[in-house]
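> Just the structure for this:
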Amino acid sequence: MKEMFSSILGSQRVSKTLIEAGEKVFYKKNTTIASPGEIIDKFYYILKGRVLCIEYSPEGNEKIEFILEDGSIFLESNLLFDVPAFTYFKAVEDSYIIHLSKNKLMELILNNLDISLFIMESLTKKFFSSMSRIEELLFHDVEWRICNLFISMAKSYGIETENMIKLNFKISHQFIGHLLGINRITSIKIIKKLKGMNYIEQIDGYYYIKDLNGLEQYQARKKIK
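Numbering: from 1, shown residues only. Predicted coordinates:
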């Protein structure tokens, strides 16, 4: 089966080099870090926190492009190629982010192979993730995509508890709609179906995967468009 790349980006590797070379800045929850058209003069490395990359349609509909977790970097391509930001970046929880200037980043890229590979890895993940999103839209229906979201989140946020996997990240129907580009009514209908099939459950605002293997098998049986 062809690998699908998630919109949830993060890294287990903590770059001490980036931490030591940059400035640690605190962003309070709901702070907008960058906006479309903004000239980017620094590089961002998430030490701890969560940032969303968000676009808005001409009608004002929100679309979440990426969920950026600890160890993620963002706006690196805009900084390197002097391109203004074209999306919003918003801290959705209190976050500590390392800032580096372009000169400092270029110095590290030229003199530190690990940093060069780290940048390449980030750009590659974002490219493959974007390609996967396009393939999802072209070849899979909404139900498959919602199943895929829960499977991806189980791998990124899952905590084993009482024979279930708890997603340690509260998500709403609206959030799912913004991430997948679907309306709230559709997401409610499909999630209700998955609950009825005993694949997922919601307790105190948190989703639990009751049968990950069964959910994966059900998703695999969904026909390609």
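> right, and the helix or strand after the worst-scoring helix or strand of the chain on mean pLDDT?
Confidence across the helices and strands of the chain bottoms out at strand 8-9, with a mean of 57, counting by mean pLDDT, DSSP states H and E. Remark: after strand 8-9, the chain's next helix or strand is helix 16-21, criterion DSSP states H and E.
> ok, residues contacting the helix or strand following that following helix?
Beyond helix 16-21 on the C-terminal side, the first helix or strand identified by DSSP H and E is strand 23-27. Residues from elsewhere that reach strand 23-27, judged by CB atoms under 8 Å, 6 or more residues apart in numbering: 33, 47, 49, 91, 94, 95, 96, 97, 98, 99, 100. Heads up, the C-betas are built off the backbone N, CA and C, glycines and all.
> nearest to residue 41, of those residues?
residue 99 (9.5 Å; CB to CB).
> Name the residues of the host helix or strand of the closest one that are buried.
Assigning secondary structure by DSSP H and E places residue 99 in strand 95-101. Residues of strand 95-101 classed as buried by neighbour count (16 or more other CB atoms under 10 Å): 95, 96, 97, 98, 100.
> Let's see the pLDDT reported for the last one.
You'll see residue 100 listed with a pLDDT of 94.
> Contacts only, for it.
Under the criterion of CB under 8 Å, 6+ apart, the contact list for residue 100 reads 18, 21, 22, 23, 42, 43, 45, 108.
> roughly how far apart are the fifth one and residue 175?
This means residue 42. Distance, residue 42 to residue 175, using CB to CB, to the nearest Å: 28 Å.
> Residue 103 - how many residues pack around it?
As a burial measure, the neighbour count of residue 103 was computed by other CB atoms under 10 Å and equals 8.
> Residue 17 too?
Other residues close to residue 17 by other CB under 10 Å number 13.
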